[in-house]
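Trainee: Whatever this is, show me its structure:
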Amino acid sequence: MALSTYLNKAKNSPYLKAGIWAVGAEILVRAVAFLATPIFTRILPQDVYGDVRTFESWLNIWAPLLSLGLFTNIEVAQYRYKDRFEEYTGSVMLLIVLLGAAFASLAFLFREQLCALLDYTKPMLAIVVLYSAFYSCVLVRMRYNRIRLAYKRVTLLSMLASVPALAISVVACLAATSHGIEGTDLLNVRVISFYAPIILIGIVVFLLIATRGKAHVNTEYWRYAIAQSAPLIMYQISLQILTQSDRIMVKTFVSSTAAAIFSVATTVIYIVEILHRGFESAWIPWLYARLDKRDYATAGKAIMLVMAGFAAIFIPVLLMGREIILILGGEAYLDAIWLLGPMLGGVLFQFLMLKLADIEKFYDRSSAVGVISIVIAGANVGLNYLGIRLGGYMTVSYMTLLSYFIAVCLHLPVVRRVAPELAKYVLGAMALCGALGGLLVLGMGVFALPNVIRWVILGVYVLAGAVCAVRLLPRLPLKD
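Mentor: Okay, the predicted model is just below:
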């Protein structure tokens, strides 16, 4: 099949169209965040910037906990409530808001004790509760739109929930520093100016659904949502611990400055997560459709192709790592280049882990997903602590890579039980990730070479990749 013929056929694939819209939305949103990072690293002192990123990490843990992770089961619920799906999602939003009101009351009553315990200011405590409730409503609606393949709405909602917040926060921080505001007050300015607009968007989304009569009490929906989400609450929290604990522990056991350097390296990882988040939006509906039809061969081959594709993207990101770090933070953050190899290798195994968890959730093995995630999160915290004590904060990235590898190994037997036909493909994907993850770690050696050599390697790689894509793309199966 000629490349032009393949591309014409691809135009009729709803999943491909959905994926393009999803990736486009992520690129727009993340591009703004990426461009804002060099501003924040330059106008905020390193310790304040480190504290901000650490708070963001904690917030990503608090949000699924306080909302009971009710936004996590939307994709599976569509198969149970096909004709009442919008009513279901609206009712779940109402439950999330009611939970938020209950937690807000407790937070207000015990605000002094909680602020002392968590080392938060009162505005930060308020942000935790409000963001957990109303941004979870945004996530519910975004997942609903993704399932309906309404990606123009997903794009609009993604931009509304992030772009204004970043713009307002940049202006507020610039104004604050120009007036001599610093320390805790500057931290409050950065937190409030960023999260308040997101909370406002969440309130608007909930009110729009409520005025359409969709957000109503339905105990059947609530029982189902809680029963499905309960095992996944710890999965979501544990996943965030795996993702966020690095920065938290580096700040706690090393310094805010080290956490800032670690955070800039993490921002580079967001470049590849732009593509993955957009891809996931189209991948899950496609995967579930394949599994529902018992088309295991297509699903298994797709998993291997996806992992190879992401690994191919990671290599040029690594090669350009020095320049990206200089853009994001400048010379003060240049040590972050030595974190990129293990971080990219860890993300590769993380992506595979998420694919396996998606399979398990389809077959109602949420409890297994939850148990494995708890075990891995605990192991990751222990390994991170050991790494910091033995080798310093940079060792943490290697420990997280090891944790994701262990997680994939634990998910493999579960997938083998629920879908044995997929086992050989998962083993192939594991071997592929292992080989390419090792290549990414060893590839950091290019930073010791003259810059011109790195760019020559990058040019050759891109040229070879373009030739391979033109030859191989028409051979890939394309199914609706």
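Trainee: Can you list the low-confidence ranges for the stretch 101-250 of the chain?
Mentor: Counting by pLDDT under 70, the stretch 101-250 of the chain has low-confidence residues at 147, 149-152, 154, 213, 230-232, 234-236, 240, 242-244.
Trainee: in it, which spans are helices?
Mentor: 111-118, 122-147, 151-160, 163-178, 183-211, 219-253 (DSSP state H, counting those that start in this stretch).
Trainee: could you dump the ones you listed to JSON lines with distance to residue 452 and mean neighbour count?
Mentor: Yep, even glycine has a C-beta here, placed from its N, CA and C like the rest. As requested, those are exported to JSON lines (distance: least, C-beta to C-beta, whole Å; neighbours: other C-beta atoms under 10 Å):
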{"stretch": "helix 111-118", "distance to residue 452": "49", "mean neighbour count": "12"}
{"stretch": "helix 122-147", "distance to residue 452": "44", "mean neighbour count": "22"}
{"stretch": "helix 151-160", "distance to residue 452": "39", "mean neighbour count": "18"}
{"stretch": "helix 163-178", "distance to residue 452": "35", "mean neighbour count": "17"}
{"stretch": "helix 183-211", "distance to residue 452": "39", "mean neighbour count": "19"}
{"stretch": "helix 219-253", "distance to residue 452": "33", "mean neighbour count": "20"}
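Trainee: possible to save these as JSON lines with distance to residue 265?
Mentor: JSON lines is the format used below for the helices of the stretch 101-250 of the chain (distance: least, C-beta to C-beta, whole Å):
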{"stretch": "helix 111-118", "distance to residue 265": "26"}
{"stretch": "helix 122-147", "distance to residue 265": "25"}
{"stretch": "helix 151-160", "distance to residue 265": "24"}
{"stretch": "helix 163-178", "distance to residue 265": "20"}
{"stretch": "helix 183-211", "distance to residue 265": "20"}
{"stretch": "helix 219-253", "distance to residue 265": "10"}
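Trainee: which stretch among the ones you listed comes nearest residue 450?
Mentor: helix 219-253 (30.9 Å; C-beta to C-beta).
Trainee: Give me the pLDDT for residue 23.
Mentor: Note for residue 23: predicted pLDDT of 58.
Trainee: for residue 401, same thing?
Mentor: pLDDT for residue 401: 90.
Trainee: got the angle between the longest helix seen in the chain and helix 151-160?
Mentor: Criterion DSSP state H: the longest helix present in the chain is helix 256-292. Inter-element angle recorded for helix 256-292 and helix 151-160: 170 degrees (by axes from the mean of the first three to the mean of the last three C-alpha atoms, to 10 degrees).
Trainee: For residue 454, find the nearest of the helices of the stretch 101-250 of the chain.
Mentor: With C-beta to C-beta, the closest approach to residue 454 among the helices of the stretch 101-250 of the chain belongs to helix 219-253: 26.2 Å.
Trainee: Tell me which other helices or strands the closest one touches.
Mentor: Helix 219-253 sits against helix 46-66, helix 74-77, helix 85-109, helix 256-292, helix 340-362, helix 366-391, helix 395-418, with contacts defined as 3 or more C-beta pairs under 8 Å, 6 or more residues apart in numbering; DSSP states H and E.
Trainee: ok so, going back, centre of the chain to the longest helix of the chain, how far?
Mentor: 4 Å (C-alpha atoms, centre = their mean, to the nearest Å).
Trainee: change the start of the numbering to 52 and stick with it
Mentor: I'll keep to 52 as the first residue from here, and by that count the last item is helix 307-343.
Trainee: After it, which helix or strand is next?
Mentor: helix 347-370 (DSSP states H and E).
Trainee: now for that following helix, which elements pack on it?
Mentor: Contacts defined by 3+ C-beta pairs under 8 Å, 6+ apart place helix 347-370 against helix 307-343, helix 391-413, helix 474-493, helix 502-523.
Trainee: which of these is buried the deepest?
Mentor: Sort the helices and strands packed on helix 347-370 by mean neighbour count, taking mean count of other C-beta atoms under 10 Å, and helix 391-413 sits at the top with a mean of 24.
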